[in-house]
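# Sequence first, then the predicted structure, then my questions.
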Amino acid sequence: MDVKVVDNPDMGRFEILADGELAGFVLYQLYPDEIVFTHTETDDRFKGMGLGSRLVRTSLDTARQRHLAVLPYCPFVKSWISTHREYVDLVPEDRRAQFGL
């Protein structure tokens, strides 16, 4: 399966495509110095394939490349960061307790 993550700023979301088909997305709000992740969805047909994890990892890597602080209001993104501690530094230190990080 050909999998690719793309940023769709017009829709305010990162999308994951599987063989060209939309398999899921993570919604965001972009500000000058931060990105707020609000919701993640994966189509039922693609659940259990690790696509949600790949989507979040790529979204967070993009935030890091763009030097954006991350506010993980989405429970899936917050949970993913909590189990992948190498991404905690993206959340501002003074906001980590708010997200249980």
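Cool, got the structure.

# Okay, and Tyr28 sits in which element?
Under the criterion of DSSP states H and E, Tyr28 resides in strand 21-30.

# Contacts for that strand, please.
3, 8-9, 11-17, 35-43, 45-46, 51-52, 55-56, 59, 68, 74, 76-77 (C-beta atoms under 8 Å, 6 or more residues apart in numbering). For every residue, glycine as well, the C-beta is placed using N, CA and C.

# One more: stretch 67-76?
Here stretch 67-76 has contacts from 26-27, 30, 33-40, 52, 56, 60, 63, 77-78, 81, 87, 90-92, 95, 99, 101, using C-beta under 8 Å, 6+ apart.

# And the strands in this structure?
Secondary structure of the chain (DSSP state E): strands at 3-8, 13-18, 21-30, 34-42, 69-72.

# now the strand holding Tyr28, how far from the chain's geometric center?
Here the centre of strand 21-30 is set off from its chain's centre by 8 Å, with C-alpha atoms, centre = their mean, to the nearest Å.
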